[in-house]
Structures are given as structure tokens and as C-alpha cells.
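Q: fold the following.
(one chain, ligands or ions: 1)
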Amino acid sequence: MSDKAVLEINGEKHEFPIVTGTENEVAIDIKTLRGVTKGVTTIDPGYKNTGSCESAITFLDGEKGILRYRGYSIEELAEKADFLEVAYLLIFGNLPTVEQLEKFHIDIKANSVVDDDIKKILDAFPKTAHPMGVLSSLTSALTAFNPSSVNIDSEEDMYNAIVKIMGKFPVLVAWTMRKKQGLPLDYGDDKLGYVENILKMMFKKPHGDYEQNPILVNALDKLLILHADHEQNCSTSTVRIVGSSHAGLFASLSAGISALWGPLHGGANQAVLEMLEKIKEDGGDTKKYMAKAKDKQDPFRLMGFGHRVYKNFDPRAKIIKVAADEVLGDLGIEDPILDIAKGLEKEALEDKYFVDRKLYPNVDFYSGIIYRGMGIPVEMFTVMFALGRLPGWIAQWREMRLRKEPIGRPRQLYIGENHRPFKSIENR
Ligand code: ACO
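A: Residues are numbered from 1 along each chain as shown. Presented below is the predicted three-dimensional model:
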């Protein structure tokens, strides 16, 4: 392949370098476009064709259904590693040694105490507040309680900010859920593993002990790993772009949480469950909803199907589907919602509309089913996604800052009014 792309505008030819990534992906480097063409820009709504950065964190090939963190396949990581190891891998680039992992965990635990005044902020939210709004606000509030900015040239400063948020975030997640349920706030137990502690913080009742169920610990660990990073998706791009203005880590993460909230992104796991409930209440007729999803006059979409990047089976969905069967089987849960989900999945995989458009179930189609089996309220599903995505966001923010990337500032093509004289109010 040639190492240059040629663009001809008004008879004038301009050359741009072709760059190749380590997995032989090819990109045209248009950094000089506006300069050499005297202001010509590109239009790419939704950035479907635009690479916003070079990144060494996550590789995914949507056509082949491949997902790798730092070169390791998601299948192997889900089977052989735990969430904290994966978090370390994503953030620092390599799997930790025993000592590194131990230190990482100790430092996280040492930083897990949240200023008690945060409880006052939490108290001010109505019980009806959506947990994602609460989590985003509390994460942003951490900035006020930890005002010193991170010196990105100091490895120690960076590390401290990372263990701080890795420690405090699960506390905020658990408190968000407990507040909604009217339960007293709890700090968990630092003798427990990272994921075990999260479960205890969420579920411990004030009058009794919390007994760990290894099936749930394993399922949550897997779910968090599968959600830990997904290259330049909507929330990650948000974290990077907010951080590119040199806003701090917590402020950037808070913006990422807001981006994740939407039903076309992380909010899909909640939307899937709500959709399944609705179908159940409506008599369980999956064919009716398949028809609605295909009807272009009907805004209804089959939630949990389709993906911007995967035009093949989402590899995370494959792993999670097995985990869902295990959890529900082991817990002895018979759920009519699951039958509806399986029915929809079968019909969609055989339906020409879905096959032609390469619309397969995505990770969120199954994750909500597992969370429901675990006893996590539907409104908390996207919060659980955020918990898993935290190391990915941190890794991407860290990479962006260490690479000293410029502030993110897209261009536009203006299509509004041309210059017009001002009309005084009485003449309008
Ligand atoms: N149900 C019915 N039709 C669909 C669906 C769906 N879930 N998803 C896409 N389509 C159709 C579109 O109508 C379009 O049809 P057309 O070509 O006849 O116009 C075609 O498939 C392509 O869809 P786009 O919207 O262009 O695909 P895009 O890549 O922009 O969107 C998205 C991807 C947002 C995920 C979309 O598939 C969707 O809305 N899915 C449901 C929401 C969901 O599950 N989101 C979770 C994503 S995973 C995550 O964030 C972790």
C-alpha cells in the first residue's frame, strides 16, 4: 500500500501520510489538512470515521468480534484474572506482579475513606433521584474535598490520584444505592477483596452480617472486567476531551459518568430490563415487539441489540451469556424475563432485518439479567457499568495527559444565516 493519500480539491492535489497501527489498521493523518487547503475541514457526525487519538490501551475489531486490553484477549482475562489485576493492567500497561498487586490493593484501601461531609450532599438528594445523577455529582464533589491538582509529571502524584478514586468510587456507588433504599451508609471491610467489599458495602443489612456468595463474587468480577474499557466510546471520549482542557481527574470522570448515563450508551442495560418488563406486562408477545423494532415509523428499538463498532457478535456478550446462565442456574432463579430475553434473541438472530444490519445482542442485553438475579435494583445497573468502566476511564485520561495531547476542539461547517444587519425590536 502507498504511504500517502492524495486529496484533490479544485484541481489542486494535497498529500497526506498514511499511518499504520500495530494491528495493521490504516489511518490517513490529516493534521495538516486545514493548513495546506487554507481552511477546508472534514464533516463526520458521530465521528464514525474519525480517530481522535493514538492509543495503546484497548484493541477491538468489530468485524471479527475481537476485544483485547493491552494485548490480552478479553476471554482470557475474564477467565484467568480478577478485576483489580485488570484495572492495574489497563492503567499501567502490564499485568502486576504479586507485590505490585498487593501494594495497589493496600493503597486503594488506605484511600477508601470518603470525607464524612459528602454524606450531607448525599442527604440533600431526593430518594427519587436517579443514581447516575447522584454518582456524577458526588464524583464531581470529590474535587472540592481533594482540591490539589495532580502534577502529571510526578509519577507519585498520578499514582496517588488513581488509588484515591479507585478507593472512594465503590464507596460512593454503595452509598448511592443505600441512600435510595433508606439504609445506613457503610464503609465495608478492608479485610475483604475489592469486589467482595463492594458487595458487602452494597448489601449488608444493619442488623446482620453479610455472607459472601462466591458465585456472585465471581459473576460481578467478570462483569466488571468485561466493562472495564472499550476504547474511544462516548463516555471515554468525554473523559479524554474534558481532561484535555486540563480539568482534573475527578471532574473528567464525573463528565464521563453523565455521558454513560444515556440509553444509547451505558443506560442501555436499564433500558433492556425496562423493555423486557414492558413486553412481559403486555402479554409476552415478542413477535409484536420485533415488528415494532423493524417499523421505521415506530421509534421503538430493540434495546441491547446493535453496536456502533461490533458488526459481529459482541465478544463480551458471549462470555456474559454463559455467566448469566450460571448465576441464574446456581441461584435457582426462574425468571419469565429471561425467557422473553431468550425468545427475542432467537428471533432476532434469525430475522432478515437484524441479520442484514448485523444487529447482534450486545453486552448490555445480558448484564441487566445478571444484575437483576443478584438483587441489584434496575436503576443501579448503569452505576454498576460505571464501576467497571472506572479503570478504563482512568487509563485513557492518564494516557491522554502523559502524551500531552492538545485540547479537544472539533471544527464545524457553519450552515446558518449570513451576515445580516441588526433590527431594532420595534421593527421585527
Ligand atoms: N433495533 C432496531 N433497529 C436498529 C437497532 C435496534 N436496536 N439498532 C440499529 N438499528 C437499525 C437502524 O434503524 C438502522 O437501520 P437503517 O439502516 O434501515 O436506517 C441500522 O440498524 C443502523 O443503525 P444505526 O443507528 O445507524 O447504528 P449506530 O452505529 O449509529 O448505532 C446503537 C448503534 C446506538 C448501539 C444502536 O444499535 C442502538 O440504538 N441500539 C439500541 C441501544 C443499545 O443497546 N445501546 C447499547 C450499546 S452498547 C454500549 O454502549 C455498552
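
Q: part of a helix, is residue 387?
A: Yes: under DSSP: H, G, I helix; E, B strand; the rest coil, residue 387 sits within a helix.

Q: residue 398 sits in which helix or strand?
A: Counting by DSSP states H and E, the element that carries residue 398 is helix 381-402.

Q: does that helix reach the ligand?
A: No: judged by Cβ under 6 Å from any ligand atom, helix 381-402 stays clear of the ligand, getting no closer than 7.3 Å. (Each C-beta comes from the backbone N, C-alpha and C, glycine too.)

Q: surely residue 177 is in contact with residue 387?
A: No: between residue 177 and residue 387 there is no contact under Cβ atoms under 8 Å: 10.8 Å.

Q: residues near the residue in the stretch 151-300 of the chain that the ligand sits nearest to, how many?
A: Of all residues in the stretch 151-300 of the chain, residue 268 sits closest to the ligand, at 3.4 Å by Cβ to the nearest ligand atom. Using other Cβ atoms under 10 Å, residue 268 has 27 other residues around it.

Q: what values do phi and psi take at it?
A: As for residue 268, its main-chain torsions (degrees, to the nearest 10) stand at phi -60, psi -30.

Q: got it, and the one 5 residues further on?
A: The phi and psi values for residue 273, taken as degrees, to the nearest 10, are phi -60, psi -40.

Q: got the contact list for the helix or strand harbouring residue 339?
A: Using DSSP H and E, residue 339 maps to helix 336-350. Defining contact as Cβ atoms under 8 Å, 6 or more residues apart in numbering, one finds that helix 336-350 is touched by 272-273, 276-277, 279-280, 284, 286-287, 289-290, 302, 305, 324, 328, 354-355, 359-361, 365-366, 369, 372.

Q: so the residue of the stretch 1-150 of the chain found nearest the ligand versus residue 309, what's the distance?
A: The minimum distance from the stretch 1-150 of the chain to the ligand, using Cβ to the nearest ligand atom, falls at residue 46 (6.3 Å). To residue 309, residue 46 is 12 Å away according to Cβ to Cβ, to the nearest Å.

Q: more neighbours, these two?
A: Neighbour comparison, residue 46 and residue 309: the larger count goes to residue 309, with 17 against 8 (by other Cβ under 10 Å).

Q: surely the more buried one is in a strand?
A: No: counting by three-state DSSP, residue 309 falls outside a strand, being coil.

Q: count of neighbours near the nearest residue to it once chain neighbours are set aside?
A: The shortest distance from residue 309 to any non-neighbouring residue, by Cβ to Cβ, 6 or more residues apart in numbering, is to residue 62 (3.9 Å). Applying other Cβ under 10 Å, we find 15 residues neighbouring residue 62.

Q: go ahead and confirm residue 62 touches residue 315.
A: No: shown here, residue 62 and residue 315 do not form a contact pair, counting by Cβ under 8 Å, at 10.0 Å.

Q: tell me which element residue 7 is part of?
A: Per DSSP H and E: residue 7 is located in strand 4-9.

Q: checking residue 89 next. Helix, strand or coil?
A: Under three-state DSSP, the three-state class of residue 89 is helix.

Q: mind checking how far the residue nearest to residue 309 is from residue 53?
A: From residue 62 over to residue 53 (counting by Cβ to Cβ), the distance is 18 Å.

Q: so where's the stretch 251-400 of the chain uncertain?
A: By pLDDT under 70, the stretch 251-400 of the chain contains no weakly predicted segment.

Q: which bits of it sit near the ligand?
A: Checking the stretch 251-400 of the chain against the ligand by Cβ under 6 Å from any ligand atom, the hits are 264-266, 268, 293, 301-308, 357, 359, 362-364.

Q: what strands line up against the longest strand anywhere in the chain, and which way round?
A: Longest strand in the chain, counting residues (DSSP state E): strand 12-20. Taking DSSP bridges as the criterion, strand 12-20 sits next to strand 4-9 (antiparallel), strand 26-28 (antiparallel) in its sheet.

Q: pick the most deeply packed of those.
A: Mean neighbours per residue, mean count of other Cβ atoms under 10 Å, is largest over the strands paired with strand 12-20 for strand 26-28, with a mean of 14.

Q: list of residues touching it?
A: If you take Cβ under 8 Å, 6+ apart as the criterion, strand 26-28 is touched by 1, 5, 16, 17, 18, 19, 20, 21, 51.

Q: circling back: in the longest strand of the chain, which of the residues would be classed as buried?
A: 14, 16 (16 or more other Cβ atoms under 10 Å).

Q: now find how far off-centre that strand is within its chain.
A: Distance of strand 12-20 from the chain centroid (Cα atoms, centre = their mean, to the nearest Å) equals 34 Å.

Q: swap in stretch 214-227?
A: For stretch 214-227 - counting by Cα atoms, centre = their mean - the centre lies 16 Å from the chain centre.

Q: cool, and stretch 389-409?
A: With Cα atoms, centre = their mean, you get 14 Å for stretch 389-409.

Q: same question for stretch 384-391.
A: 6 Å.

Q: before we move on, what about stretch 308-316?
A: Distance, centroid of stretch 308-316 to centroid of chain: 15 Å (Cα atoms, centre = their mean).

Q: let the chain start at 222 from now.
A: Okay, residue one is now 222; in that scheme the one you just asked about reads as stretch 529-537.

Q: show me the helices in the stretch 322-471 of the chain, by range?
A: Here the stretch 322-471 of the chain has its helices, by DSSP state H, counting those that start in this stretch, at 339-345, 352-366, 376-402, 415-424, 435-448, 455-464, 470-482.

Q: using JSON lines, lay out the ones you listed together with mean neighbour count.
A: Below are these laid out as JSON lines (neighbours: other Cβ atoms under 10 Å):
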{"stretch": "helix 339-345", "mean neighbour count": "14"}
{"stretch": "helix 352-366", "mean neighbour count": "20"}
{"stretch": "helix 376-402", "mean neighbour count": "20"}
{"stretch": "helix 415-424", "mean neighbour count": "22"}
{"stretch": "helix 435-448", "mean neighbour count": "22"}
{"stretch": "helix 455-464", "mean neighbour count": "23"}
{"stretch": "helix 470-482", "mean neighbour count": "24"}
